[in-house]
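Colleague: need a structure here:
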Amino acid sequence: MRGEMRAALVFQRDESGISESFDLDSLTVGDRLRLFSFTQRDDHLAYLWVLRAMNVLRAVHQLQVHPDDVASALSELAKAHDEVPSAADLNLRAMLDNLSGDNEQVLYRVEDAARCGNLAAYRNRQSVYQFTEIGYRVYCAVEEVIGSRVQDANLSRLVFADILADFKALAAANREGDRDEVYRKLARLDSVLEDMTQRAARFYLTLNDVARTTDISPETFLRYKHALLAHMSEFTAELERYAPRLAEVVYEVEDSGVETLLERAAAVDERPMMRPAARLEDWRRRWMGLRQWFLAEGAGETKAAQLQGATRTAISGVIALLRQVTESRRGGVSRTTQLRHLAAWAAGAPDEQAANALVSAAFDLRSVRHLSGAHDDDDQISPRTTWWDAPGVEVSISLFRHGKRPAPGGPQPVRTSRGAHARLREQQLADRAADREAATDLLDHGPHDRVLNAAETRAVLKLLTRALQARTIVAGRLRSGTGSSDVLTLRLVPRERGSQLRTETGTLHLPGFTLEIKPHGAMRRRRSEMS
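Modeller: Got it, this is the predicted structure:
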């Protein structure tokens, strides 16, 4: 039971198949995690029902919906579920706008001029909304977490016969040159083994949860012990029976020509947004994941053998846990009964002082019988120093004689440092004047084709930080960003060759971008008046 995390990791797919999200930059990962921010709102349940209503409309192929359509869908859901909020009590347009805002982007908003039947309707905003591709995945993930049940965890033992038949059909289709059948069987095998991986990981995590809660409710474990043991025993027996036959049929598929098989599957693959070379590489990775299930690489074990070993370990853990629960119930005394008796005694105590004394005695809670204190500069004392060699700590007389710490005394008067404040204010004004002067020089001479001094470099870095914070990301790539001060505005402009800034301390490279600097606000007006 202690290896539940190891078991969950063992049954993952090939590392190259699960690390696609690891390749994303931190900005993209942060933007995608913000898609879940609607779950943290105060009215998160109302937002969830709005998305459910949009999913109902999506199921009938109505992709772009108006707030009135969402209100109608909510009314239909309210007939079957009492928890659905009334559309009249919700500001649907504002909620849909929030879901389509820059921070969340679960939905995509467009203006639909076709809905305008008159001039008044044209002047009013007629927006329609639809799920973004990532936003719909976020909604499905939330629904999967909400709808998950412990009872659904299982190990599928009946799937091995289908896997064997699919491998044989795959080899036959490859020999016959049937590209469509090769694609269907290979895709089915990949889906089935991925499902078995997820089932195994979820089953062992659920089994660990049952083991953790046994001490509180042993009846739950005793109710399912026979079913658990029978389920795992049948699964491991079936896996042991089919493992050699599956290894042989994998060799049979390889004998029919693996490269030809992968090229045929990639040729039939219907993902138009992937290049042929990328599709071929994806199917090669999937085949290596399928092969590792039943054929070992070098001295390592197959994933089927690892799954079988983890199942046997889980059976041993369940039997040991069953023995522990049975012995505790046979004696009539367990941790649960002890805590219940102690709680009953504490509740039946005549007063609070007696209850505190009872609990303190039960858990061996007592006051400290030695003096302790901290050194004024404990960072200079190594934690490996013994108490005999460590320097002493001053202890007050009241603490030493009476066991009471000295009173902190009355509050001290507030001391003002007007001179220090004035110096800080002067330094602040000087720094602002230097920043404005550096920004003016940047505006006059530009940032490129010259060496920037320290003040100009500091001004550029400040505005560049603001521009990156106000970035616009499309399809996982940074498109533009703007940072402004009271003197100038710095804008990131996409450029294929990129650009670089020379400073006194080195060169700052900007791959894919160049800087555009323009006057901002009052400075623009002032220059126009002077001209």
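
Colleague: state the distance from residue 186 to residue 289.
Modeller: As for residue 186, its distance to residue 289 is 11 Å (criterion: CB to CB, to the nearest Å). All C-beta atoms are positioned from the backbone trio N, CA, C, and that covers glycine.

Colleague: which of those two has more residues huddled nearby?
Modeller: Counted by other CB atoms under 10 Å, residue 186 and residue 289 do not tie: residue 186 has more neighbours, with 26 against 22.

Colleague: regarding residue 508, what is its secondary structure?
Modeller: Assigned with DSSP: H, G, I helix; E, B strand; the rest coil, residue 508 falls in the strand class.

Colleague: dump the residue contacts of it.
Modeller: Applying CB atoms under 8 Å, 6 or more residues apart in numbering, we find residue 508 in contact with 457, 460, 500, 501.

Colleague: list only buried entries from those.
Modeller: 457, 460, 501 (16 or more other CB atoms under 10 Å).

Colleague: could you pull out the buried residues of the helix or strand hosting the second one?
Modeller: Using DSSP states H and E, the element containing residue 460 is helix 454-469. Buried residues in helix 454-469, counted by 16+ other CB under 10 Å: 455, 456, 457, 458, 459, 460, 462, 463, 464, 466, 467.

Colleague: so that helix versus strand 506-510, what angle?
Modeller: Angle of helix 454-469 versus strand 506-510, following axes from the mean of the first three to the mean of the last three CA atoms, to 10 degrees, is 20 degrees.

Colleague: distance between helix 454-469 and the chain's centre?
Modeller: The chain centre lies 31 Å from the centre of helix 454-469; the measure is CA atoms, centre = their mean, to the nearest Å.

Colleague: state the distance from the nearest residue to residue 362 once chain neighbours are set aside to residue 349.
Modeller: Residue nearest to residue 362 in three dimensions, not counting chain neighbours: residue 342, with 5.6 Å by CB to CB, 6 or more residues apart in numbering. Counting by CB to CB, the gap from residue 342 to residue 349 is 11 Å.

Colleague: about what we covered before: what residues does the helix holding residue 460 touch?
Modeller: By CB under 8 Å, 6+ apart, the surrounding residues in contact with helix 454-469 are 434-435, 437-439, 441-442, 447, 452, 478, 481-485, 488, 490-492, 501, 503-505, 508, 515.

Colleague: cool, and stretch 39-58?
Modeller: Contact partners of stretch 39-58, identified using CB under 8 Å, 6+ apart, comprise 38, 65, 69-70, 73-74, 76-77, 83-85, 90, 92, 95-96, 98-99, 106-107, 129-131, 136, 139, 142.

Colleague: give me the neighbour count for residue 183.
Modeller: Quick note: residue 183 (other CB under 10 Å) scores 21 neighbours.

Colleague: wait, what's in contact with it?
Modeller: Counted by CB under 8 Å, 6+ apart, residue 183 has contacts 264, 265, 268, 269.

Colleague: can you tell me the SS state at the second one?
Modeller: Three-state assignment for residue 265 (three-state DSSP): helix.

Colleague: tell me where the stretch 51-200 of the chain has strands.
Modeller: Along the stretch 51-200 of the chain, counting by DSSP state E, counting those that start in this stretch, strands occupy 107-111, 127-131.

Colleague: lowest average confidence across those strands, which one?
Modeller: Per-stretch mean pLDDT for the strands of the stretch 51-200 of the chain is lowest at strand 107-111 (a mean of 78).

Colleague: now the strand or helix carrying residue 354: how far from the chain's centre is it?
Modeller: Taking DSSP H and E as the definition, residue 354 sits inside helix 352-362. For helix 352-362, the separation from the chain centroid amounts to 44 Å (computed by CA atoms, centre = their mean).

Colleague: send me it as CSV with only the CA atoms.
Modeller: Presented in CSV, the C-alpha positions along helix 352-362 are these (Å, rounded to 0.1, in the frame of the first residue of the first chain):
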residue,chain,number,x,y,z
GLU,A,352,-13.7,21.9,31.7
GLN,A,353,-10.7,21.7,34.0
ALA,A,354,-11.4,18.0,34.6
ALA,A,355,-11.8,17.4,30.9
ASN,A,356,-8.5,19.2,30.1
ALA,A,357,-6.7,17.2,32.8
LEU,A,358,-8.1,13.9,31.4
VAL,A,359,-7.0,14.6,27.9
SER,A,360,-3.6,15.9,29.1
ALA,A,361,-3.1,12.6,31.0
ALA,A,362,-4.2,10.5,28.0
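
Colleague: mind listing what's buried in that helix?
Modeller: By neighbour count with 16+ other CB under 10 Å, helix 352-362 contains no buried residues.

Colleague: other SSEs contacting that helix?
Modeller: For helix 352-362, the elements it packs on are helix 335-347, judged by 3 or more CB pairs under 8 Å, 6 or more residues apart in numbering; DSSP states H and E.

Colleague: now the helix it packs on: buried residues?
Modeller: Buried-residue list, helix 335-347, by 16+ other CB under 10 Å: residue 346.

Colleague: that helix vs helix 352-362, what angle?
Modeller: If you take the same axes, to 10 degrees, helix 335-347 sits at 150 degrees to helix 352-362.

Colleague: for the stretch 101-250 of the chain, give me the ranges with low pLDDT.
Modeller: 102-104, 112-126, 148-154, 209-224 (pLDDT under 70).

Colleague: how about the helices in it?
Modeller: Remark: helices assigned in the stretch 101-250 of the chain by DSSP state H, counting those that start in this stretch are 119-123, 133-147, 159-176, 179-212, 218-255.

Colleague: same question, the stretch 251-400 of the chain
Modeller: Along the stretch 251-400 of the chain, counting by DSSP H, counting those that start in this stretch, helices occupy 258-268, 276-294, 303-331, 335-347, 352-362, 397-402.

Colleague: re the thing from before, which neighbours do residue 342 and residue 349 share?
Modeller: Counting by CB under 8 Å, 6+ apart, the residues touching both residue 342 and residue 349 are residue 358.

Colleague: still on that earlier bit, from residue 316, how far out is the residue nearest to residue 362?
Modeller: 33 Å.

Colleague: quick one: buried residues of stretch 165-179?
Modeller: 166, 167, 169, 170, 171, 172, 173, 174, 178, 179.

Colleague: okay, those residues in CSV with distance to residue 200 next?
Modeller: As requested, those are exported to CSV (distance: CB to CB, whole Å):
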residue, distance to residue 200
166, 19
167, 20
169, 25
170, 23
171, 26
172, 29
173, 28
174, 29
178, 32
179, 32
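
Colleague: for the residues you listed, work out which two are farthest apart.
Modeller: Within the buried residues of stretch 165-179, 167 and 179 form the most distant pair, 17.4 Å apart (CB to CB).
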